[in-house]
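Asks: show me how the following folds:
(chains A and B)
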Amino acid sequence: MKYTKEHEWLRVDGDLVVVGITEHAATQLGDVVFVELPEVETQVAEGDEVVVIESVKAASDILAPVSGEIVEVNEKLSDNPGLVNEDPTGDAWFFKMKIDDLSVLDDFMNEDEYNELIG
Amino acid sequence: MAGLERLQLHALHVELGGKLVPFAGYEMPVQYAPGVMKEHLHTREAAGLFDVSHMGQVIIAAKSGRQEDAAAALERLIPVDVLGLAEGRQRYGFLTNDVGGIIDDLMIANRGDHFFLVVNASRKAVDIEVLRRGLPDCDVGPVENRALIALQGPEAERVLAALVPDAADFAFMDVGIRPWQGVDLWISRSGYTGEDGFEISVPAVAAEGFARKLLADEAVWPIGLGARDSLRLEAGLCLYGHDMDEDVSPVEAGLTWAIQKVRRTGGARAGGFPGADRILRELTDGPARKRVGLRPEGRAPMREGVEIHAAAEGGAPVGRVTSGGFGPSLDAPIAMAMLPAALCARGTTVYGDVRGRRLPAVVCDLPFRPSTYKR
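Replies: Below is the predicted model:
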């Protein structure tokens, strides 16, 4: 698992990258009540706003951590946004991306580095 | 936090794990460990304790010593029936300005030889100035060194009765002073959550002990500002600076119920308050715009500032959301918006611009959820 400064986690699944938010981020957001997912087959650039999460408190954006194509989104979150709080690093993944070169993930933080960031 | 005042119960909030944020010049708990959603639902199912000590407490007494003089004087600033407010009773009201806007909304209680007002934290300084200037024949005394605690929810009566034996005898909007461990509690049966409950002013020295006593009952959780806001939104109650301000009249804000007949055209003491021309005219002819409830379709919340359109495409915005979010008890997004009169009929579909997309919302009656006051 790799981590971004924006509190996303990235996991390689075959030739795809699965993206979600960390437990720390989910706790900070509070109870999630709505998730707006991107369309599949969308090309996104690194830093694009691809997901909107609304908690009882406020709306937040999830940015594309890398450039690539959105190939799958987690429809379960549309019906059950609270899953983000229940299982942020498991069932509550947001989207899967196809990227040109998986080695770009090497630049992201590992778990120890991320824990240091939020420590 | 720099430049912020601390509540008398600051240490207790820290001990209870409150997440502190700046609000109206105070460092205040926005939530505790359970979070906004659970705190909200718990208040509706059992009881919540809210520290609202940031709000202003003010005592107003006529220099003549006659309560009716103070009542008549207050009616020059507040368009409600103050002379008809019985001793031991409280009512909701507001200070208006010369253009008929709202300077602040408040609670006013008749305590026999004086009136007791509770005003918004963010408006305290303005209110005191307006009251002093407008009431030269009264003493206007801000109350210092008293905390204000709201105990809200279906268990509130049972919990308070353990400390104040006759708590159950208070009806909605009754006020009274009761002793507790050597201090006076100023109690009213009221609140701002849509629930039955009490608001209790307690001397600062006894505040922590009193709060701990209430919290010792397992039905009572401490509740932060986050849930306070979602509770009042479900109850369809206005928040100053959001749903009303110095430009919005009480009629536009949907507060006509608070202006008794005696102060309206044809009443024995009609008008005679700042902005009466506009307010009385709007009462007769209807306002050009009005606060309404909105139920967004789907699950996307429409928050404050979302622009409202009359149609799904084209045209300029016709209004905006003044308060909005998610209603935990309704499990749905809810909002209040200021809309032109033509769009205010229940069932009208309007469109909120959420991140560039116009999403439908239906105009509905307020409150979103029936209140459970003990009348």
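Asks: from here on, just use CA atoms for contacts and neighbour counts.
Replies: Fine.
Asks: what are the contacting residues of stretch B:257-275?
Replies: Residues from elsewhere that reach stretch B:257-275 (CA atoms under 8 Å, 6 or more residues apart in numbering or on different chains): B:75-81, B:92-93, B:96-101, B:277, B:280, B:283.
Asks: give me the subset of the residues you listed lying in helices.
Replies: Among those, DSSP state H puts B:75, B:277, B:280, B:283 in helices.
Asks: tell me the contacts of the residue lying closest to the first one once chain neighbours are set aside?
Replies: Leaving out its chain neighbours, the residue that sits closest to B:E75 by CA to CA, 6 or more residues apart in numbering or on different chains is B:V82, at 6.2 Å. Each residue near B:V82 by CA under 8 Å, 6+ apart is listed here: B:71-72, B:74-75.
Asks: adding pLDDT, write the ones in helices among the contacts of stretch B:257-275 out as a markdown table.
Replies: Formatted as a markdown table, those follow (pLDDT from 0 to 100):
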| residue | pLDDT |
| --- | --- |
| B:E75 | 98 |
| B:D277 | 98 |
| B:L280 | 98 |
| B:L283 | 98 |
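Asks: now list the buried members of those.
Replies: Buried members of the ones in helices among the contacts of stretch B:257-275, counted by 16 or more other CA atoms under 10 Å in any protein chain shown: B:75, B:280, B:283.
Asks: and which of those residues is nearest to chain A?
Replies: Using CA to the nearest CA, B:L283 is the member of those that lies nearest chain A, at 35.7 Å.
Asks: helix, strand, or coil at the residue nearest the centre of chain A?
Replies: Central residue of chain A (CA atoms, centre = their mean): A:G20, 2.7 Å from the mean position. Secondary structure, DSSP: H, G, I helix; E, B strand; the rest coil: A:G20 is strand.
Asks: nearest spatial neighbour of it, skipping sequence neighbours?
Replies: Closest residue to A:G20 apart from its sequence neighbours, by CA to CA, 6+ apart: A:W93 at 4.5 Å.
Asks: distance of the one you found relative to B:G298?
Replies: According to CA to CA, to the nearest Å, A:W93 stands 22 Å off from B:G298.
Asks: for the contacts of B:V82, which one is nearest B:R375?
Replies: For the contacts of B:V82, the residue nearest B:R375 by CA to CA is B:A71; the value is 24.1 Å.
Asks: just checking, the closest one is part of a helix?
Replies: Yes: assessed by three-state DSSP, B:A71 belongs to a helix.
Asks: before we move on, the earlier item: phi, psi of the residue nearest to B:E75?
Replies: B:V82 adopts backbone torsions of phi -90, psi -40, taken as degrees, to the nearest 10.
Asks: per-residue pLDDT, it?
Replies: As predicted, B:V82 sits at a pLDDT of 98.
Asks: need the contact list for A:V40.
Replies: So A:V40 contacts A:69-73 (CA under 8 Å, 6+ apart).
Asks: what sits against B:T256?
Replies: Per CA under 8 Å, 6+ apart, neighbours of B:T256: B:250, B:283.
Asks: make it 10 Å
Replies: B:80, B:249-250, B:264, B:279, B:282-283 (CA atoms under 10 Å, 6 or more residues apart in numbering or on different chains).
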